[in-house]
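In: predicted coordinates and the sequence they were generated for:
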Amino acid sequence: MERRVVITGLGAITPLGNNVEEFWKGIKEGKCGIDQITKFDASNFKVKLAAEVKGYNPEDYFDKREAKRLDLFSQYAMVASREAWKDSGLDKETENMERVGVVVGSGIGGIQTIETENRKCNEKGPDRVSPMYIPMGILNMATGNVAIDIGAKGESMAMVTACASGTHCIGESFRMIKHGYQDVVLAGGTEAGITPLSIAGFTNIKALTKAEDKNRASIPFDKERSGFVMAEGAGVVVLEEYEHAKARGAKIYAEIVGYGATSDAYHITSPAPGGEGGARAMKLAMEEANVKPEEITYINAHGTSTHLNDACETQAIKTALGEENARKVMVSSTKGHTGHLLGAAGAVEAIICSKAIEEGFVPATINYKEPDEECDLDVVPNEGRKAEIKYAISNSLGFGGHNSSLLFKMSD
């Protein structure tokens, strides 16, 4: 028997705030978390802006020795997971922790550690490479560290699908619970990729904007868009089987009712023409939920502020919903607020959808000035709106042609 899956806990550390309350307040107020790069000297770099986590001190969360043994991407995952677990009200003393899973992905993993240790190896020789290099750098260690920290003994894995990682992690966790393999899963994504090598690599593949005005840098659907802004942070949600949540009187933010995942099988970085893979992902999510296109109120778009993504995603929405319904639905990208959190983007945006449903508020696409005829949907320009959201879709699209869509519902 297929089971219902609800969201009962939220945790986030983002460029807008280091917990969900601060983060969501920033989204509602239309704040921009983008600013000058401070994590390294970017004076010789063509890209000067990023969306960094602000005011973060590892020793507020970990003792000094532990912090040194955890790459920043693992730290962020653990901080967000602790908040989500606490928010859920679950208690590991009374919960069957063998039925609690962890699925936290990342696009890049411990790149900070990899860069540091590579430099040591080249400059000082192989004997100077830290014995902690591997357990700090490998991508599954965010999940591993969260599972150890929380005490979760169920299924534990990390999914890597570039910028679709967070959404895939939540979607696959949804299936684990729906089909009876787990009762609870901490799911999401984490990223700490604001490093010299990452910025250089994404710059040279022409993915990042070189704009120097932070309010005209990440401008999804705007005709003057010229690339995305790198961001960091983590988002984690607690997914729970509905009856399990109900039995303990848990607060329910939203219900996940559909999930679609497809591959473009087209190109390593460019979306398929017309966004056909993204359209199929949305259709699959609606089919699973038995929801009609006209019932969708809001779409949190992948909306990266690159020319191809935003134009192709617009076409994908038209294909998935039909022209008439696509004109009516509210479609915003919150990457103007947060920048692009890569593997954590979909997880942070799942939190946005959950809060949007809970509070009846549709976030804006901020810093929008120049309409683009290729992106001619209702992008909720500059001002958020009060609206009852019965169904919301969150899209994530990743290099390699990975497409994923989650369909959220206001819970009964």
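Out: All right, it came through fine.

In: show me where this structure has helices.
Out: Here the chain has its helices, by DSSP state H, at 20-28, 64-68, 72-88, 111-124, 133-137, 141-150, 165-178, 196-204, 242-247, 276-289, 307-321, 323-328, 335-338, 345-359.

In: now the fourth one - C-alpha only, PDB.
Out: What it means is helix 111-124. Extracted in PDB, the C-alpha atoms of helix 111-124 (Å, rounded to 0.1, in the frame of the first residue of the first chain):
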ATOM      1  CA  ILE A 111      36.100  21.200  -2.600                       C
ATOM      2  CA  GLN A 112      37.600  23.400   0.100                       C
ATOM      3  CA  THR A 113      39.500  20.500   1.600                       C
ATOM      4  CA  ILE A 114      40.500  19.100  -1.900                       C
ATOM      5  CA  GLU A 115      42.000  22.500  -2.900                       C
ATOM      6  CA  THR A 116      43.900  22.900   0.400                       C
ATOM      7  CA  GLU A 117      45.300  19.400   0.400                       C
ATOM      8  CA  ASN A 118      46.200  19.500  -3.200                       C
ATOM      9  CA  ARG A 119      48.200  22.700  -2.600                       C
ATOM     10  CA  LYS A 120      50.000  21.000   0.300                       C
ATOM     11  CA  CYS A 121      50.800  17.900  -1.800                       C
ATOM     12  CA  ASN A 122      52.300  20.000  -4.600                       C
ATOM     13  CA  GLU A 123      54.200  22.500  -2.400                       C
ATOM     14  CA  LYS A 124      55.300  20.400   0.600                       C
END
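
In: in that helix, what's buried?
Out: For helix 111-124, the neighbour count (16 or more other CB atoms under 10 Å) marks 111-117, 120 as buried. The way it works is simple: take the backbone N, C-alpha and C, and place the C-beta from them, glycine included.

In: one step back: out of the helices of the chain, the one nearest Ile256 is which?
Out: helix 165-178 (4.9 Å; CB to CB).

In: what mean pLDDT does that closest one have?
Out: Here helix 165-178 scores 98 as its mean pLDDT.

In: what is the orientation angle of that helix with helix 141-150?
Out: Interaxial angle of helix 165-178 relative to helix 141-150 (axes from the mean of the first three to the mean of the last three CA atoms, to 10 degrees): 50 degrees.

In: and helix 165-178, what does it pack onto?
Out: Contact here means 3 or more CB pairs under 8 Å, 6 or more residues apart in numbering; DSSP states H and E; on that basis helix 165-178 packs against strand 5-13, strand 100-105, strand 184-191, strand 233-241, strand 254-263, helix 345-359, strand 391-398, strand 402-409.

In: I'd like these written out as CSV, with mean pLDDT and distance to Lys48 added.
Out: Listed next are these as CSV, based on pLDDT from 0 to 100; distance: least, CB to CB, whole Å:
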stretch, mean pLDDT, distance to Lys48
strand 5-13, 98, 23
strand 100-105, 98, 28
strand 184-191, 98, 20
strand 233-241, 98, 20
strand 254-263, 98, 35
helix 345-359, 98, 21
strand 391-398, 98, 25
strand 402-409, 98, 29
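
In: comparing these, which comes out most buried?
Out: strand 184-191 (a mean of 35; mean count of other CB atoms under 10 Å).

In: what packs against it?
Out: Going by 3+ CB pairs under 8 Å, 6+ apart, strand 184-191 lies up against helix 72-88, strand 100-105, helix 141-150, helix 165-178, strand 233-241, helix 345-359.

In: relative to Arg225, which of the ones you listed is closest?
Out: helix 345-359 (16.4 Å).

In: now the closest one - C-alpha only, PDB.
Out: Output of helix 345-359 as PDB, limited to C-alpha atoms (Å, rounded to 0.1, in the frame of the first residue of the first chain):
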ATOM      1  CA  ALA A 345      19.400  24.800  -4.300                       C
ATOM      2  CA  GLY A 346      16.500  22.400  -4.600                       C
ATOM      3  CA  ALA A 347      16.500  21.700  -0.900                       C
ATOM      4  CA  VAL A 348      16.400  25.300   0.100                       C
ATOM      5  CA  GLU A 349      13.700  25.900  -2.500                       C
ATOM      6  CA  ALA A 350      11.700  23.000  -1.100                       C
ATOM      7  CA  ILE A 351      11.700  24.900   2.200                       C
ATOM      8  CA  ILE A 352      10.500  28.000   0.400                       C
ATOM      9  CA  CYS A 353       7.600  26.000  -1.200                       C
ATOM     10  CA  SER A 354       6.700  24.600   2.200                       C
ATOM     11  CA  LYS A 355       6.700  28.000   3.900                       C
ATOM     12  CA  ALA A 356       4.900  29.600   0.900                       C
ATOM     13  CA  ILE A 357       2.100  27.000   1.300                       C
ATOM     14  CA  GLU A 358       2.000  27.300   5.100                       C
ATOM     15  CA  GLU A 359       1.700  31.100   5.000                       C
END
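
In: great, nothing more from me.
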